Each structure stands twice: as structure tokens, then as C-alpha cells.
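>>> This is a predicted model, with the sequence first.
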Amino acid sequence: MQDSGKIFKDSALSLTACGVIAFAAIAAGFLVFGLTFLLILFPVAACVAAAYKIHLTGLQKRSELIEDANRLNQTTVEVLATAVDARDKIGTGHVRRTQIYALGLGRAAGMSQESLDALRLGSLLHDIGKLAIPDHILSKPDSLTPAEIEKVKTHCTIGASILEEIEFPYPVVPIVRYHHEAWDGSGYPSGLKGNRIPLGARILSIADTYDALRSERPFRKPMSRDEARRHISNLAGSRFDPDLVQHFLKNLTKFEVEIAAADVDYPKEAVPQRRTIEGKTYVERIQSANREVFTLFELVREFGESDSLGAMLKLFVAKLGELMPTDTCAVYLLHEGNEFASVAEVSGQNADIFLSKRVHVGEGATGIVLKNLEPVVNVNPDLDFSISQFDLVQEYQTMASVPLISESGLVGAVSIYTSSIGEYDEEHIRILTTIADIAARAIEKLQIHARTRAHALTDPMTGLPNARSLQMQFEREVARADRSNSNFQLIMLDLDGFKGVNDTFGHKAGDQMLREVGEVIYSQLRDYDFLARYGGDEFIALVPDMADAEVAELCERIENAVRSFRLAVNGSGSASVGVSAGAAAFPEKGESLDQLVVAADRAMYRRKSDRKNYDLMRETQAPEFDDLQSALSRMPTASPGGLIVELDESAVLIDSVN
């Protein structure tokens with residue numbers, strides 16, 4: 001960049017010197033040759049005057065060209081600086097406001113014109129080094145890690161290296177290199193202290209920090225004017241030159257008037273419009289691209305970290321809503337057999353209706369996508385809805401659907417519906433397809449994980465939870481009981497006569513008996529009770545918030561239901577079993593699963609033994625036993641534990657009678 005004033009001044013000095021010399025020569029010639037010399041000199045002087053006028057005109061034009069070039073360079077620098085700040089999500093007003101603050105503070109501090117010119121460019125280009133910082137760091141919505149902070153710190157030296165390649169007529173590079181140094185020496189990159197930090201860098205540090213505090217960033221809301229003033233004042237003498245801080249705060253109102261006059265005041269909505277590209281300003285295009293890059297980075301990271309398919313799908317539809325115009329976003333997952341898909345996650349309008357929705361492959365817009373494995377774009381949403389929901393589809397103008405294809409094949413489709421635009425453009429579909437590809441791989445991984453987890457926690461014979469799942473549920477029930485100061489009971493259930501089914505009808509019938517009895521037992525429980533196959537012919541139920549009398553009633557109800565069940569075998573025959581139940585309460589009978597299992601098992605075997613004694617008495621000594629039972633029935637009723645004791649005592653009494 002050239003200074004037109006300096007060029008004009010240098011030229012004027014040269015011409016003045018030439019004029020002095022010419023005047024001395026004319027005077028000497030007149031003294032020697034007299035009037036004749038002057039007559040000869042006049043034509044020459046006229047030619048010289050004409051040449052001088054032409055020279056001045058050329059000089060003026062050259063100065064104007066230089067001024068135009070400087071203005072063009074300044075505009076280019078502003079555009080470049082604005083693009084850099086768009087990557088950093090600061091906003092289009094940041095560089096101009098920072099420049100106004102810096103130049104105003106520079107004048108208040110008595111800087112020379114050359115130093116102000118350097119500060120003018122340095123304030124615009126101070127963050128050019130951020131071109132080398134990854135987008136996901138600049139756009140990160142929360143605090144940076146130590147490694148990320150160190151990466152960001154390199155932008156000062158990188159920016160200085162970039163600008164060193166440009167031959168500025170004034171010292172711009174030191175301002176850019178050292179604008180993050182601190183007055184107390186705690187800054188970077190060189191740890192300079194006090195007046196060793198260039199004045200322009202000290203000024204820019206205050207201006208840049210104040211405007212950053214007033215601007216909204218991805219990780220925080222903007223500070224108010226008073227909050228930012230206090231923050232700058234508190235850092236005087238540590239981070240900032242205290243004398244410059246005084247000048248800055250004293251003249252802040254004046255700076256703000258200049259900022260308002262330049263139409264770059266807070267908030268960012270006051271930013272003047274730049275040249276548009278397809279309806280968006282170039283800043284909006286850059287910011288949109290950065291949002292997309294960061295969102296994709298975030299999706300890959302969070303999808304990879306997720307161990308829950310439900311949570312992953314919620315994130316999937318939420319991010320689509322951030323990047324695209326959607327009123328409703330629905331993820332359809334294919335069922336086994338690949339004949340139909342149902343909605344696994346939905347966000348936006350009509351969510352309740354969508355959650356009950358399923359589509360057959362080949363039917364409707366989404367069904368066609370599932371069949372052909374190709375996107376369907378800008379079709380009538382009516383294709384995806386039945387006649388009974390005709391009022392619903394009027395809310396949407398258009399829709400798009402793309403398949404979710406993983407490495408192993410089709411896993412489903414994602415469909416978006418909107419009434420805010422007439423049609424989706426190529427950019428929308430590109431984003432939708434890109435995110436769908438990322439999501440499909442994550443969905444497949446989580447589905448495999450869920451199946452593996454289900455197999456690890458499910459008994460393959462009955463389809464009920466297994467012993468491992470029982471342990472996990474027990475821990476959850478203990479935590480719940482501790483939180484709510486409540487209790488729960490463990491019921492041990494052991495089949496009676498199951499070995500006879502295996503011996504008589506074969507193991508295939510025995511396996512079927514286990515499955516059917518499991519369903520019978522489950523049917524007697526509440527929705528929130530838990531039933532697991534513990535092993536062999538044993539089942540365990542966990543029942544929260546149930547009194548002893550209710551547990552005793554439940555055990556008897558289960559025993560009666562199982563005893564009444566008949567399994568059809570060998571065409572016309574049938575098999576049946578019984579079941580014995582014993583209960584143990586947490587924490588009275590034990591605080592660990594093993595302790596409760598042992599306690600419930602003892603209660604169950606006492607009950608089983610009592611039943612055998614009871615049946616034996618009825619078969620061998622029915623009259624005497626009936627008289628005894630009649631007498632016992634008139635005795636006071638006891639708890640389930642007491643009932644077992646009474647039965648034990650009755651057995652002893654009957655033995656003595658015999």
C-alpha cells in the first residue's frame with residue numbers, strides 16, 4: 001500500500017529544489033548577458049511551465065489512483081476479516097467495532113498517524129491466523145479442552161507469519177503477533193510484559209476483548225455494557241495497560257457514538273447487508289457452512305458415544321431440525337422380515353399420530369423409498385397418510401424421504417414434512433442424505449448392540465429375563481427402595497412335578513411347559529412387577545410396594561393358576577404341573593440378592609413340604625385330618641410366616657396321633 005500524500009510531498013520538494021536552482025541560474029545569466037538572455041529565456045520558460053503543469057496533472061492522477069487502490073485494499077481487507085470472523089461465529093460487526101475502539105483509543109493515547117494506519121489494518125487482520133484453526137474448535141458450544149486452547153493460541157504467530165509476506169509500509173505484523181500478550185507477562189505467544197508489548201498490540205487487546213465480551217459466542221451469552229466495563233476495569237494492571245484502560249473507559253461513550261453512526265452497533269441484526277449469493281449474504285453462507293461442519297462433527301462424535309438407540313434417534317431428529325426447514329421429522333425402522341417399518345422416533349407436529357404409524361414396503365412415499373432404496377423429494381405428503389388422516393396432511397406442503405442404508409443393508413428411512421416452504425432444494429437434500437448416511441451406521445451398530453444385550457439378558461427358552469438380568473433389576477429396586485424409603489419382596493417359584501412331564505412326554509413337551517407356565521405366572525403379576533427364569537424349573541419375581549398379606553394372596557393366586565393350567569400333548573393327552581412359592585422381604589430378610597434368594601427358597605420349601613404332608617394326610621387319614629383341620633380353622637389367623645409354622649406343628653401333632 002502506498003501513501004499518496006507522501007508521494008505528492010516528495011515530488012513537491014523535488015520541484016521546489018529545482019525551482020531554486022533554476023532561479024539562481026537565470027539571475028546569473030541576466031548579470032552576464034543582459035536583456036538578450038531574458039528574451040531567449042522566455043520561450044524556454046513557457047515550455048518548462050507547460051511541462052510542469054502536465055507533471056502536476058499526472059502527479060494528481062497518480063495520487064488519485066493510489067487512493068483508489070488503498071480504498072480497494074482496505075475493502076478487501078475488511079471482507080477477508082469479516083470472513084474470518086464468520087468462521088469464528090462472532091458476527092459481521094466485530095472487526096469494524098474493534099477497529100473503531102482501537103483507533104479511538106490510539107488517538108486518545110497520542111499515537112502518530114503512521115501508527116494509527118498500522119493499527120487500522122492490524123485491528124482488521126488480528127485474527128487472520130484463525131484460518132488455520134479447525135472449525136469444530138472455533139464453533140464448539142462449550143468450554144475448550146487444554147489441548148484445544150493451545151491450538152487456538154497458535155493463531156497469533158500463524159497470523160503474523162501470513163502478514164509477513166506482505167510488505168506493509170507501517171508496522172502491522174507486531175500488532176497481530178502480540179495482541180494477546182498481557183501487561184503482567186502472563187499472555188502469549190512470547191510472554192512479553194509491560195511496555196515491552198508494542199503500544200498498538202496493547203490497544204488492540206483492550207478493544208478486541210471488550211467487543212468479544214459484548215458479543216454472543218457459541219459457549220455464552222453476551223455481557224451487558226456495565227458488565228463488560230467492570231470486567232475490563234478489573235483486569236487493569238494484570239492483563240491490560242492500566243493507563244490505556246483509563247483512556248478507554250473515559251472515551252467509551254464517544255466510541256459508541258461512532259459505532260452507531262457506522263451502523264455496526266449491537267445486536268448483530270444491525271449488520272449492513274453484503275452482496276448476496278442466491279438469497280443469502282456471503283457471511284450467512286460461511287456461517288451456514290460452519291454450522292453444518294460442526295453439526296456433522298458433533299453428530300459423528302455423539303452417535304459414536306451413544307449406547308442407547310432411543311437417545312441417538314432423538315439427537316438425530318433434533319439436529320435435522322436445526323439444519324433444515326421441517327415441521328415434522330420421522331425415523332422409520334424396518335422390522336424383521338423387511339415387510340414393513342414403523343416410526344421409532346418423531347419430532348415436531350402430530351408426533352402422537354406418527355408414533356402409531358407403520359408403512360408397508362412399497363406403499364406411500366416412505367414405502368417407495370424403502371422399496372427402491374432411492375430418495376423421494378418434493379412429493380405430495382398425502383402419499384404417506386391414509387384417508388382417515390386427510391385433515392392432517394393439509395398441514396404440510398411438501399415432504400422428502402431418504403433411505404437409511406448401512407454397510408449391511410437397509411435399516412429404515414427418514415422422512416421430513418414441512419409447510420414452511422414450497423419445496424426442498426438440492427442443498428437440503430444433500431444435507432439430509434449426508435446426515436442419514438451417518439445415522440444409518442450408528443443405528444445398525446446400536447441395533448446389534450441391543451440384540452446382543454437382549455440375548456445376554458434373556459433366557460432363550462422362555463424369552464423371560466435371565467439370572468443376569470435379575471441381578472441388574474434387583475440393584476435398580478434396591479436403589480429405588482433406598483431413595484423412596486420403601487421395600488420390595490422377592491418370590492421364589494419352583495415347579496412341582498416338572499420332572500414327570502419330561503419323563504412321560506419328553507423334553508420337547510417339558511420346554512413348552514416352561515414357556516407356557518412362565519406366561520401363566522406373568523399374567524398374575526402387575527405391569528411393573530419383574531419376572532425372571534432363575535434356572536431349571538425355578539422362577540423369581542420381584543414385586544415392589546406390596547404388604548405381606550398381599551404377597552401371600554399373590555402366591556396362592558399363582559399356585560392356583562399354574563395348577564389349573566393344562567398343556568395339550570400327543571394329540572389328545574395333557575400335562576400339568578404345580579408350583580410352590582416362598583417370599584422374602586427386602587431389607588428385613590436380607591440386603592443382597594443371594595440372601596433374599598436363600599430366605600425365599602427356605603420359605604418355598606417349607607410350603608412345598610407342608611403341601612406334601614397335607615396331601616398325604618388327606619389320602620391316608622381323611623376323617624381324623626378333617627377333624628384336626630376343623631379345629632385349626634378356629635384358631636387365630638397368623639402372618640404367612642406364622643402359617644408355615646402352624647402347618648409344621650400340625651404335621652408333628654398328626655405324627656404323634658398316629
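The structure has been received and is ready for your questions.
>>> Could you report the pLDDT at residue 443?
Looking at residue 443, its pLDDT is 89.
>>> Without its sequence neighbours, what residue ends up closest to it?
Nearest non-adjacent residue to residue 443, counting by CB to CB, 6 or more residues apart in numbering: residue 411, 5.2 Å away. C-beta: built from backbone N, CA, C; applies to glycine.
>>> Relative to the stretch of helix or strand that neighbour belongs to, what are the paired strands and their orientations?
Under the criterion of DSSP states H and E, residue 411 resides in strand 409-418. Paired with strand 409-418 in the same sheet, following DSSP bridges, are strand 328-334 (antiparallel), strand 398-406 (antiparallel).
>>> Could you save those strands as CSV and add columns showing distance to residue 539, mean neighbour count and mean pLDDT?
Output for the strands paired with strand 409-418, formatted as CSV (distance: least, CB to CB, whole Å; neighbours: other CB atoms under 10 Å; pLDDT from 0 to 100):
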stretch, distance to residue 539, mean neighbour count, mean pLDDT
strand 328-334, 32, 24, 93
strand 398-406, 38, 23, 93
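>>> Serialize those to a markdown table and add fields for distance to residue 169.
What follows is these, written out as a markdown table (distance: least, CB to CB, whole Å):
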| stretch | distance to residue 169 |
| --- | --- |
| strand 328-334 | 56 |
| strand 398-406 | 55 |
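>>> for these, which one sits closest to residue 250?
Ranking those by their distance to residue 250 (criterion: CB to CB) puts strand 328-334 first, at 53.6 Å.
>>> Within the sheet, what are the partner strands of the helix or strand just after that closest one, with directions?
Using DSSP H and E, the helix or strand that follows strand 328-334 towards the C-terminus is strand 340-348. Next to strand 340-348 in the sheet, as set by DSSP bridges, lie strand 328-334 (antiparallel), strand 358-360 (antiparallel).
>>> Find out how far the last one is from the centre of the chain, if you would.
The gap between where strand 358-360 is centred and where its chain is centred comes out at 30 Å by CA atoms, centre = their mean, to the nearest Å.
>>> what is the rounded mean pLDDT of that strand?
For strand 358-360, the mean pLDDT works out to 87.
>>> Domain ranges for the protein, per the record?
Annotated domains of the chain cover 4-68, 93-272, 306-456, 467-657 [automatic domain parsing].
>>> Quick one: residues contacting residue 468.
By CB atoms under 8 Å, 6 or more residues apart in numbering, the contact set of residue 468 is 456-457.
>>> can we see that at 10 Å?
Residue 468 makes contact with 456-459, 532, according to CB atoms under 10 Å, 6 or more residues apart in numbering.
>>> Just send those back as TSV, with secondary structure and neighbour count too.
As requested, those are exported to TSV (DSSP: H, G, I helix; E, B strand; the rest coil; neighbours: other CB atoms under 10 Å):
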residue	secondary structure	neighbour count
456	helix	10
457	helix	17
458	strand	17
459	coil	20
532	strand	25
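>>> Nearest to residue 225, out of those residues: which one, please.
Nearest to residue 225 among these, with distances taken as CB to CB, is residue 457, at 58.4 Å.
>>> element containing the nearest residue to that closest one once chain neighbours are set aside, please.
Nearest-residue entry for residue 457: residue 469, 3.9 Å, with adjacent residues in sequence omitted and distances by CB to CB, 6+ apart. Element membership of residue 469, judged by DSSP H and E, is helix 467-484.
>>> in that helix, what counts as buried?
Buried residues in helix 467-484, counting neighbours by 16 or more other CB atoms under 10 Å, are found at 467, 469-470, 473-474, 477-478, 481.
>>> okay, stretch 562-579 in PDB with CA atoms only?
Extracted in PDB, the C-alpha atoms of stretch 562-579 (Å, rounded to 0.1, in the frame of the first residue of the first chain):
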ATOM      1  CA  VAL A 562     -50.500 -72.900  37.400                       C
ATOM      2  CA  ARG A 563     -52.300 -75.900  39.000                       C
ATOM      3  CA  SER A 564     -55.300 -75.200  36.700                       C
ATOM      4  CA  PHE A 565     -53.200 -75.000  33.600                       C
ATOM      5  CA  ARG A 566     -53.200 -78.000  31.200                       C
ATOM      6  CA  LEU A 567     -50.700 -78.400  28.300                       C
ATOM      7  CA  ALA A 568     -52.100 -80.400  25.400                       C
ATOM      8  CA  VAL A 569     -49.600 -83.100  24.300                       C
ATOM      9  CA  ASN A 570     -49.700 -86.100  22.000                       C
ATOM     10  CA  GLY A 571     -52.900 -85.000  20.300                       C
ATOM     11  CA  SER A 572     -55.500 -85.900  22.900                       C
ATOM     12  CA  GLY A 573     -53.400 -86.000  26.200                       C
ATOM     13  CA  SER A 574     -52.500 -83.300  28.600                       C
ATOM     14  CA  ALA A 575     -49.800 -82.500  31.100                       C
ATOM     15  CA  SER A 576     -49.900 -80.400  34.200                       C
ATOM     16  CA  VAL A 577     -47.600 -79.200  37.000                       C
ATOM     17  CA  GLY A 578     -47.900 -77.400  40.300                       C
ATOM     18  CA  VAL A 579     -45.800 -74.600  41.700                       C
END
